[in-house]
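*Asks:* Sharing a sequence plus its predicted fold:
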Amino acid sequence: MLKPLRLLLFALAAMLASFSMASAQQFHITHAGLRTLYLAPIFIGIDRGLFKARDLEVTYKEIDSGALSSAALLSGSAQITSDDLMGIAPLAKQGKHFMMVYNLLDRMTMDMIVRNDALQRAGYDPNTPAQQRGKILKGMTIGITRPAAPTDIFSRFIMLEAGLDAQKDATLVQVGGPAALRAAFQSGKIDAFMLSPPLPQTLEKQGLGTIIVHNTAGDLPSLKDISYITLFTTADYAKSNKPALHAYVQGVKEAVNWMHDHQDEALQLLGAKWFKDTAPDALKISFDRLLPAISRTGIFTKEGLEKVQRAYKSVGEDVDVNLTEGVLWTNEFVKN
């Protein structure tokens, strides 16, 4: 009698285990994005199982251009991606509606790096006030990922603040993503570019260039306290998948706080898997500079979004969008 009972109990246990495994990850989200250090919370959340603990399976899909962010959502190949406000706002006018759900970076974090030989020819003085350092770019060739991308907009903005006209005083050329920018910079095809860590810090550590504007450190007051890079999805997905998005956003928030509290361990995780091609010392410098810019709350403010909008308008970009909460952004998912 005991043997059949044991078999029955075993069968029931197996069924429960099978059911538990099947339901362990109730939600599935693919995040498409550049492999850049500001996505560290997503990488950490995956590695440490912070999403899985919320019944969420997150898959990371690498893309090589910010221009592909919204396309990944519209094609259905991803449900979450990252970009700046003005990378998605113009699409609303085309009937393609998105919803920003986490304010990832609350300052502009692309540092401007210039080749050392170009700086030497221009007679660069590192003691020049940050707002005026853009003057050194006069006559230089500046690499951008694509027209109207942040690499383009904020390069022009820095020159504008320094009293230059990017249309006349420099040459901006489309190069492509981080790998293409690295190659063009190393070969001397471009004199300068802007990008978030770790590439500028890596090239500076290699002795090829010097970062002249440290936006990661908040050198320019006009580019602090803004909603620079945000995590967003389609408006339809945000409306229909609230539990999944809440799990995702809360996992990101926990990852950010864990990174602050365990910086050495976070660096080890990032270097071992996601940034093997970055020297440990360059990665540490990049991480130390970027971490203060990653929002621990993910909260949006209308004022921060309007500050980004003004920066774009100042260089002639048409960015008239409705910044009322609930239209293009929401704080619904960052609330506990």
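*Replies:* Received the coordinates, thanks. Residues are numbered from 1 along each chain as shown.

*Asks:* Kindly provide the distance from the residue lying closest to His31 once chain neighbours are set aside to Trp258.
*Replies:* Distances taken as CB to CB, 6 or more residues apart in numbering place Ile80 nearest to His31, at 4.6 Å, with adjacent residues excluded. Backbone N, C-alpha and C define where each C-beta goes, glycine included. Applying CB to CB, to the nearest Å, the value for Ile80 to Trp258 is 19 Å.

*Asks:* can you map out the strands along the stretch 201-336 of the chain?
*Replies:* 209-213, 229-234 (DSSP state E, counting those that start in this stretch).

*Asks:* Check which helices and strands the first one sits against.
*Replies:* If you count contacts as 3 or more CB pairs under 8 Å, 6 or more residues apart in numbering; DSSP states H and E, strand 209-213 packs onto strand 111-115, helix 116-122, helix 199-205.

*Asks:* what's the angle from the shortest one to strand 209-213?
*Replies:* In this case it means strand 111-115. Put simply, strand 111-115 runs at 140 degrees to strand 209-213, going by axes from the mean of the first three to the mean of the last three CA atoms, to 10 degrees.

*Asks:* how far does strand 111-115 sit from the chain's center?
*Replies:* 19 Å (CA atoms, centre = their mean, to the nearest Å).

*Asks:* quick one on the thing from earlier: burial-wise, tell me which of the strands of the stretch 201-336 of the chain comes out on top.
*Replies:* Counting by mean count of other CB atoms under 10 Å, strand 229-234 has the highest mean neighbour count of those, with a mean of 26.

*Asks:* Report the distance from it to the chain centre.
*Replies:* Distance, stretch centre to chain centre, for strand 229-234: 10 Å (CA atoms, centre = their mean).

*Asks:* Sheet-wise, list the partners of it with their directions.
*Replies:* strand 80-84 (antiparallel), strand 98-103 (antiparallel) (DSSP bridges).

*Asks:* could you redo the strands of the stretch 201-336 of the chain as CSV and give each row distance to Val252 and mean pLDDT?
*Replies:* Shown next, in CSV, are those (distance: least, CB to CB, whole Å; pLDDT from 0 to 100):
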stretch, distance to Val252, mean pLDDT
strand 209-213, 28, 97
strand 229-234, 7, 95
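
*Asks:* list the contacts for Ala311?
*Replies:* 153-154, 157, 222-223, 226 (CB atoms under 8 Å, 6 or more residues apart in numbering).

*Asks:* oh, I was asking about Ile158
*Replies:* Counting by CB under 8 Å, 6+ apart, Ile158 makes contact with 112, 133-134, 137, 194, 213, 220.

*Asks:* re the thing from before, could you point out which of the strands of the stretch 201-336 of the chain sits nearest Ile63?
*Replies:* strand 229-234 (14.2 Å; CB to CB).
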